[in-house]
Every structure is written in C-alpha cells, then in structure tokens.
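*Asks:* Generate coordinates for the sequence data below:
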Amino acid sequence: MFKKLVFIISLALSFPSLAQQESATMSQAKRLLNQKSYAEAVKVFEAIFAKKDANRGEYYDAACAAALAGQHDLAFTWLNKSIDKNWWNIDHLKADTDLQSLHDRPEWPIMLDKLQAKLAAREKNYDHALKKELEDIFIADQKLRTGIDAIIKQYGEKSEQVKATWDEIERLDAANLKRVTQILDSKGWLGPEQVGERASSTLFLVVQHANKAVWEKYLPMMRKAVQEKKASASSLALLEDRYLAFGLGKKQLYGSQLQTVDGVTKLMPVEDPDRLDERRASVGLGPIADYLQNWNLTWDLESYKKSLAEDEARKAAKK
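*Replies:* Numbers count the residues shown, from 1 in each chain. Predicted structure coming up:
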C-alpha cells in the first residue's frame, strides 16, 4: 500500500464544499482499505474515479484494494494507470504483499517490463553516484527515527538508551545537513528527473530536520522547486509549517506539526482551523482527522478552537 499561494488558497475558499467532499470520499476509501473492507473500498474508489482523475498513489491504493478483493483485472487496470502517472517504485511494487495474488497472472511480468522500460529511459541521464549517496542518507535518517519508538517502549522515554539514540540522531543530522547543503549550494534543488524520487525527497527530509536559519535560507529554493515540479507541494507545506511553528513561534497553516509535552501529544496552534482541510487539500494533504489518527488522536473542530482560545488567553495573561 502506498501509505506519501494566495491564488491556491483563494480557489479553495471559493469552492469549499467540493474540495472537502472529494477529500472525504478518498479518505473513506482508504479507511475501508485499512479496515480490510476490500470490496467496499473498491466500490468507493470506482465511484471516485468515475467523477475525477486521480494521482498515482490513489490508483495504486485502489489497485491494492482490488487485488485483495480478488478483482484482478481491475487491479491491473489501476496499476497500469498508476504507472502511466509515473509510479516509479518498482521495488516496493514487487515486495508489496497486498499485490501477492497478482504475481502468477500473465499480466504481472508484462506490467513489470513496462515499468522497467520507463525506469531505464528515465534513469539514462541520472547522476547515479549522487542518487546513491542521497538514498543512503535517506535510509540512515529513517533507520534511527523509525526505531526510536521501540526503544522508548522497552526502556522508557527518559532512559539512557533513548538519550543515546537521540544523541546519535543529532550527530547524523549534522553530518547529513553539511553534505546536503553542499549539494544544494552547488547544484540547486535536484528533482526526480535528475536523481530519482527518493534521492530528491532526501533534500527536503534533511532540511526539515534542521533549524530556523537553514529553513530561511532554503525555503525560497524549495518554493521555486515546487513551481518547477522538482519538489512536492505537500512536502513544502510541511516545511512551511515547521518554519512557522518552530522557527517563528507562529500558527501553522496546514496542521502538520505536533508537539509532545509531559507525555501528551497535541496539534500545535493552527491559523483559521475552520478552513484547515481546505488548505490541506489544496497542497495534496488528506483530512486532518485522518492525519491525527497516526497518533491515536481525534479531531473535533469546536473543541480544538476552544482549546486554542484558552491557550491564547493564558499567554496574553502572562504578558
């Protein structure tokens, strides 16, 4: 499974019901897929695709649902649409257990050959040495971070083991940042057409783990990269939020930043929460309710606005 301004915002504000409706419908399909209600998910995906075109990730998720529901012909139709829209991750596709039922079908090797041919044509002009270097940075960055939860669970949040892991993460972040900024300063923002998607996304990954000075320097470069289709609008939204919340101490726009204090994880202050999902949809992010489920948090707009007002009142009283 693939589980990835003024003008833009003005459009979202002009058509709020449509943006919210489409986002909620796709959210419903993915929720059914996660709940293993595969046949029901397929029906929702079909209804969505009958009304609008989708992106590669949405077609890929739909193909997973169809394969798991035993609807193999439909799964291949959607997988091919995903590939036509530049799904490149052939290693993930081969290893994805959701698609296991397709492996013995005659269409499977044909589809893989199609994707491999597209990859070969695309990668012909890659900087392969730089691609590998950036991918190695990506793997190292994620390896430590994805393992921290297990260490916390085993030893406790304030244990020496957890402290040592965070110290190692900070050391690695500093080394990665030094190299990535060298690349950015000498070559600019490298897009997927130059080094591949994972290597390109490494630039954002490392920069977002940095600090205010780094964000201020490279945000303009990333904004331009989004315009040139070298970086995704959703990644830029995350970096904009991080800069606002942690760099400037202001309210974020897209609700991507959370903070844990005394063991309690909360969504950091958001500007105009009534239109939060509209802004998220405008940059390709799903509904905030679905996002918060990753931390077992629920979204209640009115409760959030009340809590936000109370926090602001307390801060004002301290001044």
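
*Asks:* Please make it C-alpha for all contacts and neighbour counts, starting now.
*Replies:* Will do.

*Asks:* per-residue confidence averaged over the helix or strand where residue 239 lies?
*Replies:* Here residue 239 sits within helix 233-242, counting by DSSP states H and E. Confidence over helix 233-242 (mean pLDDT, whole number) is 97.

*Asks:* Contacts for the very next helix or strand once past that helix next, please.
*Replies:* For helix 233-242, the following helix or strand on the C-terminal side (DSSP H and E) is strand 258-261. Residues outside strand 258-261 that contact it (C-alpha atoms under 8 Å, 6 or more residues apart in numbering) are 265-268.

*Asks:* buried stuff in whichever helix or strand residue 313 is part of?
*Replies:* Per DSSP H and E: residue 313 is located in helix 301-318. Neighbour counts over helix 301-318 (16 or more other C-alpha atoms under 10 Å) mark residue 305 as buried.

*Asks:* which residues of the protein fall in strands?
*Replies:* Using DSSP state E, the strands found in the chain span residues 258-261, 264-267.

*Asks:* Pick the most buried one from those strands.
*Replies:* Mean neighbour count (mean count of other C-alpha atoms under 10 Å) peaks for strand 264-267 among the strands of the chain, with a mean of 12.

*Asks:* Quick one: residues in contact with that strand.
*Replies:* Under the contact criterion C-alpha under 8 Å, 6+ apart, strand 264-267 has outside partners 255-260, 295.

*Asks:* how about a cut-off of 7 Å?
*Replies:* Outside of strand 264-267, the residues within contact range by C-alpha atoms under 7 Å, 6 or more residues apart in numbering are 255, 257-260.

*Asks:* hmm, back to that, now the strands of the chain as TSV including distance to residue 166 and mean pLDDT?
*Replies:* Putting these into TSV (distance: least, C-alpha to C-alpha, whole Å; pLDDT from 0 to 100) gives the following:
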stretch	distance to residue 166	mean pLDDT
strand 258-261	15	89
strand 264-267	18	92
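
*Asks:* if I look at the closest residue in space to residue 277 that isn't next to it in sequence, how far off is residue 34?
*Replies:* Nearest non-adjacent residue to residue 277, counting by C-alpha to C-alpha, 6 or more residues apart in numbering: residue 287, 5.5 Å away. Look at residue 287 and residue 34: by C-alpha to C-alpha, to the nearest Å, they are 16 Å apart.

*Asks:* Neighbour count: those two, which is higher?
*Replies:* Between residue 287 and residue 34, residue 287 has the larger neighbour count (other C-alpha atoms under 10 Å), namely 21 against 13.

*Asks:* List the contacts of stretch 64-80.
*Replies:* Applying C-alpha under 7 Å, 6+ apart, the external contacts of stretch 64-80 come out as 1, 33, 38-39, 41-42, 59-60, 62-63, 98-99, 101-102.

*Asks:* Please consider this matter closed, and thank you.
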